[in-house]
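Participant: Fold the following, please.
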Amino acid sequence: MDKFAINMREEEKQEFLFLFFPFMYGIYPYTFATDKQKEAMRKANIPFKKTTIYDIAYKEILKLLD
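Facilitator: Numbering: from 1, shown residues only. Reported below is the predicted structural model:
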């Protein structure tokens, strides 16, 4: 992201990633992470952001319709 989206703010980059990957791999794992997944994210220094299926789908639909 840093290499190809140099004009994006950090918040915009995070939003893009949180919207893109759930649709790439499925929404469910992003809304119901297991303890093992949360621990792996912690060890990889990836912040866990609790969200809902509605929130992810709503934001992606708005972006797609924009």
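
Participant: How about the residue nearest the centre of the chain: what's its closest non-neighbour residue?
Facilitator: Of all residues in the chain, the one closest to the mean position by CA atoms, centre = their mean is Phe18, 1.5 Å from it. Across the structure, with CB to CB, 6 or more residues apart in numbering as the measure, the residue nearest Phe18 apart from its sequence neighbours is Lys49 (6.6 Å). Every residue, glycine included, has its C-beta placed from N, CA and C.

Participant: Distance check, the one you found against Asn7.
Facilitator: When distances are taken as CB to CB, to the nearest Å, Lys49 and Asn7 turn out to be 23 Å apart.

Participant: ditto for Glu60
Facilitator: Glu60 sits 22 Å away from Asn7 when distances are taken as CB to CB.

Participant: any weak-confidence spans in the chain?
Facilitator: Judged against pLDDT under 70, the low-scoring parts of the chain cover residues 64-66.

Participant: could you show me where the strands are in it, in order?
Facilitator: Remark: no strands are assigned in the chain by DSSP state E.

Participant: Touching, the residue nearest to the centre of the chain and Lys50? I think so.
Facilitator: No. Counting by CB atoms under 8 Å, no contact exists between Phe18 and Lys50, whose distance comes to 11.5 Å.
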